[in-house]
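J.: Here is my input; please provide its structure:
(one chain, ligands or ions: 1)
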Amino acid sequence: MQDLQGKFALVTGVANRRSIAYAIAERLAHYGARLAIAYQPAEKSGAEDKIRKVTDEFGPELLLPLDVTDPDSVNTLYRTLEETWGHLDILVHSIATAMRDELSGRPSDISLQGYLLAQQVSAYSLIELMRGARPLMTQRGGSVITLTYIGSDRAVPNYNVMGSAKAALEANVRYLAMELGAENIRVNAISAGPIRTVSASGIKDFLGLLHNAAEKAPLKRNVTQEEVAHVAAFLASSLSSGITGQTLFVDAGYNVWG
Ligand code: NAD
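T.: Residues are numbered from 1 along each chain as shown. The predicted structure is shown next:
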């Protein structure tokens, strides 16, 4: 993976060491990429110190606050990247949220407010982040990677509002790939099997989901953050130069079941 040497990568969605984005950032750094980590600012101060500690092992060059519901925050982040690096080769979008009580119960009870929040943060934010990344990628092309889940396509118990958001996200991947291919900017999604993280713990009976996936998957187990990160490194590199607009499953084969 020599060709990640010196590439500029923005990784969003690192909350802690269990985050899928953490494993991806670690892998990209391992293969020589230069990192900017975007973290969600907390209401209390200290978010930056926490992320600095968390990412200490691979020492990102930049730690930047990012709240995708705040356009000023997105603009400030890209202004900093433009002034500091002037280029971006890799964008990792690993962001999702939903109201907790809308990851349980009846899909017919989803509120408009909850629906719009899930769509804005989990699906629209890819378009928003892409818009900022594009001018930094046009000169030499780029690779954009987002994270999705099979609940976009199948009715997974309790995934509810996030199923609609992931369906929109995967459609965004295809449309953005179509538009940006002429600039050699590739856009792909990884559909990961269930993994224990903070976001996942918000889904009612997530342990049941994990066990079911391990039982049914051809490999008879769950996947790890590291396995997802390996595929992200592949998608970030020129080894995947012919791939765009795709959703690649990293789920121990679960998606072929049934
Ligand atoms: P995580 O909780 O570690 O990561 C989610 C991230 O989204 C956090 O870092 C959080 O700060 C960020 N975020 C939420 N709202 C934000 C906002 N307004 N602005 C900026 N950042 C915001 O959990 P994770 O499981 O690593 O999730 C990463 C991605 O992987 C998500 O898109 C998730 O849907 C997807 N995914 C997760 C699983 C799983 O089972 N864990 C499976 C498939 C896909």
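
J.: now the helices for the protein?
T.: Assigned by DSSP state H, the helices in the chain fall at 20-30, 47-54, 71-84, 112-119, 125-137, 160-180, 198-201, 206-216, 225-236.

J.: If you compare the directions of the fifth one and helix 160-180, what angle comes out?
T.: Spelled out, that is helix 125-137. 30 degrees (axes from the mean of the first three to the mean of the last three Cα atoms, to 10 degrees).

J.: Just want the angle from helix 125-137 to helix 112-119.
T.: Using the same axes, to 10 degrees, the direction of helix 125-137 lies 30 degrees away from that of helix 112-119.

J.: Is any residue of helix 125-137 near the ligand?
T.: No: using Cβ under 6 Å from any ligand atom, we find that helix 125-137 stays clear of the ligand, coming within 7.0 Å at best. C-betas here are computed from N, CA, C, even on glycine.

J.: Over to the first one?
T.: Yes: using Cβ under 6 Å from any ligand atom, helix 20-30 reaches the ligand at Ile20, Ala21.

J.: returning to that earlier point: output the helices of the chain in a markdown table, with mean neighbour count, distance to Leu147 and mean pLDDT appended to each entry.
T.: Output for these, formatted as a markdown table (neighbours: other Cβ atoms under 10 Å; distance: least, Cβ to Cβ, whole Å; pLDDT from 0 to 100):
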| stretch | mean neighbour count | distance to Leu147 | mean pLDDT |
| --- | --- | --- | --- |
| helix 20-30 | 24 | 6 | 98 |
| helix 47-54 | 15 | 18 | 92 |
| helix 71-84 | 14 | 19 | 98 |
| helix 112-119 | 16 | 14 | 98 |
| helix 125-137 | 19 | 10 | 98 |
| helix 160-180 | 20 | 9 | 98 |
| helix 198-201 | 16 | 10 | 95 |
| helix 206-216 | 16 | 16 | 97 |
| helix 225-236 | 22 | 8 | 98 |
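
J.: of all the residues in the stretch 51-200 of the chain, which ones are close to the ligand?
T.: Going by Cβ under 6 Å from any ligand atom, the residues of the stretch 51-200 of the chain near the ligand are 66-69, 94-97, 121, 147-149, 192, 194-195, 197-200.

J.: Over to the residue nearest to the spatial centre of the chain: give its phi and psi.
T.: Among the residues of the chain, the one closest to the centroid is Ser94, at 1.9 Å (Cα atoms, centre = their mean). As for Ser94, its main-chain torsions (degrees, to the nearest 10) stand at phi -130, psi 60.

J.: Please name the spatially closest residue to it (chain neighbours excluded).
T.: Leaving aside its chain neighbours, Ser94 sits nearest to Gly13 (3.1 Å; criterion: Cβ to Cβ, 6 or more residues apart in numbering).

J.: Which residues are in contact with that neighbour?
T.: Applying Cβ atoms under 8 Å, 6 or more residues apart in numbering to Gly13 gives the contacts Ser19, Ile20, Ala21, Ala38, Val92, His93, Ser94, Ile95, Leu147.

J.: swap in Val156?
T.: Counting by Cβ under 8 Å, 6+ apart, Val156 has contacts Tyr149, Ile150, Gly163, Leu209.

J.: And for Trp257?
T.: Lys216, Ala217, Pro218.

J.: how about 10 Å then?
T.: Ile150, Asn212, Ala213, Glu215, Lys216, Ala217, Pro218, Asp251 (Cβ atoms under 10 Å, 6 or more residues apart in numbering).
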